[in-house]
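Novice: Sequence unavailable; structure follows:
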């Protein structure tokens, strides 16, 4: 990628524009392999043209725990759902300028991710569309019945959110992906 920079650099400046956060979320979800396991802002590269994901092991690990899924914090193997959790935490931070869980230290934030309810995006940004808030809430859910389980579903929901709020959306998902996401969501509600 030409002139790309880690997302860490962009979120250090504070809350980002909603359209840009949505573009990054869609791009990161589309670029994720089946399981990454080390998704944090330094693993996401952003340029004006594209969003990419560095291979596991190449990103800066500082403060990574703020974005880790509870099962990863507890030392369990990565899953697609843990990547979706991490992406939701990253996008929360990009939108609000802070991680989705309270804590004065990275360790306290990790403990909160394992036990507490995420903070409310709209407490920090009232302009965030409810559809995008719902995507982030579902991605941060520890309840298997309501959590999103695959990055493609995350990306698809983000596209729907973008269209619902009249933002320009890129269409990279096929009707097959839409059916899989709908089937996955319906199964998880049973």
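Specialist: Happy to help now that I have it. Keep in mind that this is a model prediction, so the values were computed, not measured.
Novice: Which residue ranges of this structure form helices?
Specialist: 7-11, 18-31, 70-73, 80-96, 106-115, 121-124, 130-139, 151-164, 175-189 (DSSP state H).
Novice: How about the contacts made by the closest residue to residue 39 other than its chain neighbours?
Specialist: In space, and not counting its chain neighbours, residue 39 is closest to residue 86: 4.0 Å by Cβ to Cβ, 6 or more residues apart in numbering. For the C-beta atoms, the positions are set from N, CA and C on the backbone; glycine is no exception. Going by Cβ atoms under 8 Å, 6 or more residues apart in numbering, residue 86 touches 39, 40, 67, 68, 69, 72.
Novice: tally of neighbours for the fifth one?
Specialist: So the one you mean is residue 69. 26 (other Cβ atoms under 10 Å).
Novice: tell me the contacts of it?
Specialist: Residue 69 neighbours (Cβ under 8 Å, 6+ apart): 81, 82, 83, 85, 86, 113.
Novice: For it, give me the pLDDT.
Specialist: At residue 69, the predicted lDDT confidence score is 88.
Novice: ok, it to residue 141 distance?
Specialist: 11 Å (Cβ to Cβ, to the nearest Å).
Novice: same question, the last one
Specialist: With distances taken as Cβ to Cβ, residue 72 is found 15 Å from residue 141.
Novice: Could you check which of those two is surrounded by more residues?
Specialist: Taking other Cβ under 10 Å, residue 72 and residue 141 do not tie; residue 72 has more neighbours (23 against 18).
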